[in-house]
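Trainee: Test case, fold it:
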Amino acid sequence: MNIIYEDQECVAYLHSEPASPGHVVITPKEKYTVIEELPEKLAGHLMVIANRMAGVLFETLGSHGTNIIIQNGHTAGQTEAQVMVHVIPRKEGDGLSFFWKPFEDKEKSEIAMIKLNECSSKIVLSDKKTTEAPITTPEEVEKPENTDWIHNALRRIP
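Mentor: As a prediction, this is how the structure comes out:
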């Protein structure tokens, strides 16, 4: 495993079978099978690391864009029973496609909308969760002092 970032909660490494050069996987050190199991604070931390990694990929590899993907469950393409955030650097004409054909069954879409509206109150955060995982603005997120080691690791990618 080619680790390019590690902290107390997660590790980021180059994918062994990348979708494109520089494809990074970020995973919590503790095992969580699906994202619904993640504590909210850890979910936020993984996205902060994914955001920073995307910036490094833009700067270091000259990416034109990135896809940040979580395959949540086997049916969604998850190949290991572990939450993984994929950061895939993109360039014009790279041949990758994440486009889908719009779902056209209006009746099923309306039923889904009704069901989701009925249970949307379950999404409301309690005071306890809000204090455990406060929402921060980009300005409030602590920036790393020195990311040279990340840049050097990514420069070794062919």
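
Trainee: Can you show me the helices along this structure?
Mentor: Remark: helices of the chain, listed N- to C-terminal, are 40-61, 106-119, 127-132, 148-155; assignment by DSSP state H.

Trainee: mind checking which helix or strand of this structure has the lowest mean pLDDT?
Mentor: Scoring the helices and strands of the chain by mean pLDDT, DSSP states H and E places helix 127-132 at the bottom, with a mean of 43.

Trainee: returning to that earlier point: for the helices of the chain, please prepare a markdown table with the additional fields distance to residue 94.
Mentor: To be clear about C-beta, it is placed using only N, CA and C from the backbone, and glycine gets the same treatment. Listed next are those as a markdown table, based on distance: least, C-beta to C-beta, whole Å:
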| stretch | distance to residue 94 |
| --- | --- |
| helix 40-61 | 12 |
| helix 106-119 | 32 |
| helix 127-132 | 39 |
| helix 148-155 | 17 |
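
Trainee: Dump those into TSV; add mean neighbour count as well.
Mentor: Output for the helices of the chain, formatted as TSV (neighbours: other C-beta atoms under 10 Å):
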stretch	mean neighbour count
helix 40-61	18
helix 106-119	10
helix 127-132	10
helix 148-155	14
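
Trainee: Nearest to residue 2, out of those helices?
Mentor: Taking C-beta to C-beta, helix 148-155 is the member of the helices of the chain nearest to residue 2, at 7.8 Å.

Trainee: which residue is nearest the centroid of the chain?
Mentor: Nearest to the mean C-alpha position of the chain, by C-alpha atoms, centre = their mean, lies residue 85 at 3.5 Å.

Trainee: wait, it sits on residue 28?
Mentor: No: no contact is recorded between residue 85 and residue 28 when judged using C-beta atoms under 8 Å, the distance being 9.3 Å.

Trainee: pLDDT value on the residue of the chain most remote from its centre, please?
Mentor: When each C-alpha in the chain is compared with the mean C-alpha position (C-alpha atoms, centre = their mean), residue 107 comes out farthest, at 31.7 Å. The model reports residue 107 with a pLDDT of 84.

Trainee: Report the separation between it and residue 114.
Mentor: 11 Å (C-beta to C-beta, to the nearest Å).

Trainee: What of residue 80?
Mentor: 35 Å.

Trainee: repeat for residue 79
Mentor: Applying C-beta to C-beta, one obtains 34 Å for the distance of residue 79 from residue 114.
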